[in-house]
Each structure stands twice: as structure tokens, then as C-alpha cells.
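Peer 1: need coordinates for the below:
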Amino acid sequence: MTKPEIIKKIEELFYAKSFKEVSMQDIANEIWMKKASLYYHFPSKEVLIREVLEASFENYLTFIKKIIEKWDQNNFQELLKNFLHFPEKNKNIFSIINQNGYEENDEISEIVNQKQKIIFETIFIAMNSKAWLSREKVFLFFALIQQMGKKKSSYSRCEIDEKKLLSELETLFFTPSISWKKQV
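Peer 2: From the prediction side, this is the model:
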């Protein structure tokens, strides 16, 4: 098994359980490797999680760039659907990083914060140039995507018509603001 294959298997394990819940022995068992061999590739659990996060981040960023490059305002619902289904479909931990407690380690928390800024800026630049969305609207979009993409979110437990939900979100993000000020 190559190192990238090992990293992908470990990412899938971290998708199911948090970093704290998984020991190096659990990881070795999951990927059918001796613990000593695992330590050959990753001298510590912290090194392992940094490498897994880096690979997961790169995959997520590539995904974002790819779908935003193809996106135009006429297919916002498709863009949103891609964002919503990416975490589960790809077992990508970076796209759901806030739900599994990776921020409990200061060094990892800093890495996550820096990478999330890169992802946000990538989304902002693209959505601002293609649809003139403000930084604040893109922030709301990104926060909503993160919340809805979580496996344990209330969205995933509700009986909601996804097509109607996507339509409502499109209206929220692309309908010009309505002034609520009373006309004099």
C-alpha cells in the first residue's frame, strides 16, 4: 500500500471517528498494518494528522476550484448540491473539520484556521467575480455549506425536500435585497 493510499484510508477512519477517539493501534488495525510500520511512515500521531489534513485540504481545494470554474449563475443549485454532497461522497475530513474536534490541539487548530482562510478566499474571489457576491454573503454561504455538510447536522435528520431547499437558497443568495424601510 502506498503512502497516499494509507492516508486516504486513515482519512476515511477519521471521517467516522474523531482524532481523539482513534489510537495509532486502531489505525494500524484498520489498514492491516503493523503499528511499527505505521510509525515508519508517521513518527507520531500529530505528524499523521497533519499529513492527512494536508491531503484532505488539497483534495477539497481542488474540488472547490473545479466546481467553481464550471459554475455560472444559471446553475447555482448544482453548485450547492455539489458542496452539500462532497463530504459524504468523498469522506473528506477537511470539509467537515469543525464537527470532529480537531481544534483541541493548538498546532492542528492553527493549520485548520489557515487552510480555511485559503478555502474561503478561493470561494469569495470566484463568487465575487462571477456573481458579484459580497464578502459577507459568501461568508454566509460558506458557513451554511459547512453546517449543512456535517453528518450530524439537523439538516440531515429533517425531512426536507432538497430541490425546494436548493431553490430557497438560490433565492436567498441571488435575489436583490428588498428594502424594508417604510416609504415616506
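Peer 1: buried stuff in whichever strand or helix holds Phe142?
Peer 2: Using DSSP states H and E, Phe142 sits in helix 135-149. Using 16 or more other CB atoms under 10 Å as the test for burial, helix 135-149 gives Lys137, Val138, Phe141, Phe142, Leu144, Ile145, Gln146, Met148, Gly149. For every residue, glycine as well, the C-beta is placed using N, CA and C.
Peer 1: for stretch 32-47, same thing?
Peer 2: Met33, Leu38, Tyr39, Phe42, Lys45.
Peer 1: any idea of the mean pLDDT in it?
Peer 2: Throughout stretch 32-47, pLDDT has a mean value of 91.
Peer 1: same question for stretch 8-20.
Peer 2: 86.
Peer 1: contacts for that stretch, please.
Peer 2: Outside stretch 8-20, the residues that touch it by CB atoms under 8 Å, 6 or more residues apart in numbering are 1, 22, 26-27, 30-31, 45, 48-49, 52, 55-56, 87, 91-93, 96, 100-102, 104-105, 108.
Peer 1: so where's the chain shaky on pLDDT?
Peer 2: Scanning the chain with the threshold set as pLDDT under 70 gives 73, 98-104, 149-157, 176-184.
Peer 1: from Gln146, how far off is the spatially most central residue of it?
Peer 2: The residue lying closest to the centre of the chain (CA atoms, centre = their mean) is Ser95, at 1.2 Å. Between Ser95 and Gln146 the distance is 8 Å, computed by CB to CB, to the nearest Å.
Peer 1: now do Tyr39
Peer 2: Distance of Tyr39 to Gln146, computed by CB to CB: 33 Å.
Peer 1: same question, Asn90
Peer 2: Taking CB to CB, one finds Asn90 at 15 Å from Gln146.
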